[in-house]
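Student: I need the structure of the sequence given here:
(3 chains)
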Amino acid sequence: MPELPEVETTVRGLKKEIIGRKIINVWTDWPNYFKKPTTKTAFSKCVVGWKIEDVYRKGKNVLIELSPPASKQTRHGAGNKILLIHQKMSGHLLVGKWRIKSEAGRVDDEKWKNEKWIPSPFRGTITDPRNRFIRLIFFLDDGRILALSDLRRFAKVLCGTKDRILNSSHLKLGLNPLGTDFSFEKFKEVIKGKKARIKTFLMNQSVISGIGNIYSDEMLWKAGIYPLTPINEIDNRKLRDLYEAIKSVLKKAVKLRGTSIDDYRDSKGRKGKYERELIVYQRDGEPCPRCGEKIKKTKIGGRTARFCPKCQSKN
DNA sequence: CGATTCCCCTGATAGC
DNA sequence: TGCTATCAGGGGAATC
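Tutor: As a prediction, the model looks like this:
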């Protein structure tokens, strides 16, 4: 599932691939993706004809900034728009050649439906991004496509003016843990007075943005903190360890281009390499490399937490 | 206000 | 073989 390192990897790939391209058409077989505007027609209207100016990440969101077509430009300049994509659990964005070149731009729904079910790799590859879970496609003016592969259909997309999207309820974000301003003081400031359990806190996007289940498990193991510990019971030394773990785990994961536990792939269909670094996530039953105790799992707010019962203490 | 629960989905797996 | 139940998980919205 794409968390900060996976989204960062995707965005870096997209930056190299799609900036300067114009979106010429949109196709989907799952209109529920559209949260704003909510219909396929209105959504298409929002992006078609607009040019991709920039791609960046906020938390786990991919933001694609669009500039208006000539027909929409006014003397004062029409404002840019933002196309926001959240990949949620199983989504990943792929860029590739649209095989039937002559048809790019005028999508025949039925034809495409048949095409995408042609036997192809389970997930997209570098040369051909097609796979049976592609449910949303942006056709680009150079004959390539930006496709969303999304097994669980959990992803969401929004389009609107920069102002509207950045202030939308879908983008209530907190600190960027890889930002230069994410200091230990800032961390202590946002954690101060909180009573939630530490794992829940780490995954709360409105406080610190970008951490999900995989990396919170790994960070807490590294800092030696039991995931259900109430925040106010963690001493200053452990908080410092945790702060360092947040940064080091995320940095290393970005360097290794993310984790491909389920079906995460980068924009060219490649797997991440952080999977081999995982110590607790989905490793229950295996020995803890620090003390040898078997990794256990527990539930926290409907989610699974993995930890070492011996060396992840409560304070 | 903060904390918790529900709910959107589908593929894998276990049990009968 | 084939059915059913369970689980995984991000996060907005509803509820407590």
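
Student: helices and strands around whatever helix or strand A:F139 lives in, which ones?
Tutor: Assigned by DSSP states H and E, A:F139 belongs to strand A:134-140. Contacts defined by 3 or more C-beta pairs under 8 Å, 6 or more residues apart in numbering; DSSP states H and E place strand A:134-140 against strand A:23-28, strand A:144-150. (Each C-beta comes from the backbone N, C-alpha and C, glycine too.)

Student: and the stretch 1-150 of chain A, which of its residues are near DNA strand B?
Tutor: Within the stretch 1-150 of chain A, the positions adjacent to DNA strand B are A:N32 by C-beta under 7 Å from any atom of the strand.

Student: quick one: low-confidence parts of the stretch 1-150 of chain A?
Tutor: Scanning the stretch 1-150 of chain A for pLDDT under 70 picks out A:74-78, A:98-130.

Student: before we move on, what about the stretch 151-300 of chain A?
Tutor: The low-confidence ranges in the stretch 151-300 of chain A, as defined by pLDDT under 70, are A:262.

Student: let's see 80
Tutor: A:261-263, A:268-269 (pLDDT under 80).

Student: residues in it within reach of DNA strand B, list them.
Tutor: A:L151, A:R152, A:R153, A:F154, A:K194, A:K195, A:A196, A:R197, A:T200.

Student: Just give the number of residues close to A:V48.
Tutor: Neighbour count of A:V48, defined by other C-beta atoms under 10 Å: 16.

Student: Domains of chain A: list them as residue ranges, please.
Tutor: A:4-171, A:184-307 (automatic domain parsing).

Student: buried set for the helix or strand in which A:I64 is found?
Tutor: Assigned by DSSP H and E, A:I64 belongs to strand A:61-67. Within strand A:61-67, the residues that qualify as buried are A:N61, A:V62, A:L63, A:I64, A:E65, A:L66, A:S67, counting by 16 or more other C-beta atoms under 10 Å.

Student: sorry, back to before: most widely separated two among the residues of the stretch 151-300 of chain A next to DNA strand B?
Tutor: A:L151 and A:K195 (36.3 Å; C-beta to C-beta).

Student: follow-up on the earlier one: now the angle between strand A:144-150 and the strand holding A:I64, please.
Tutor: Strand A:61-67 runs at 150 degrees relative to strand A:144-150, counting by axes from the mean of the first three to the mean of the last three C-alpha atoms, to 10 degrees.

Student: Does anything pack onto strand A:61-67? Which helices or strands?
Tutor: Secondary elements touching strand A:61-67 (3+ C-beta pairs under 8 Å, 6+ apart): helix A:4-18, strand A:51-58, strand A:81-86.

Student: can you put those in a markdown table and add distance to A:I211 and mean neighbour count?
Tutor: A markdown table is the format used below for the helices and strands packed on strand A:61-67 (distance: least, C-beta to C-beta, whole Å; neighbours: other C-beta atoms under 10 Å):
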| stretch | distance to A:I211 | mean neighbour count |
| --- | --- | --- |
| helix A:4-18 | 7 | 22 |
| strand A:51-58 | 13 | 18 |
| strand A:81-86 | 15 | 22 |
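
Student: Which one, of the ones you listed, ends up nearest to A:S168?
Tutor: So among those, strand A:81-86 is nearest, using C-beta to C-beta, at 8.0 Å.

Student: quick check, distance from the closest one to the centre of its chain.
Tutor: 12 Å (C-alpha atoms, centre = their mean, to the nearest Å).

Student: Likewise for stretch A:31-45?
Tutor: That offset, for stretch A:31-45, works out to 20 Å (C-alpha atoms, centre = their mean).

Student: Same check on stretch A:305-315?
Tutor: Counting by C-alpha atoms, centre = their mean, stretch A:305-315 comes out at 27 Å from the chain centroid.

Student: In that stretch, which residues are buried?
Tutor: Across stretch A:305-315, burial judged by 16+ other C-beta under 10 Å covers A:A305, A:R306, A:F307, A:C308, A:C311, A:Q312.

Student: Who are the contact partners of the third one?
Tutor: Okay, so that is A:F307. A:D217, A:L220, A:W221, A:Y226, A:P227, A:V280, A:I295, A:K296, A:K297, A:T298 (C-beta atoms under 8 Å, 6 or more residues apart in numbering).
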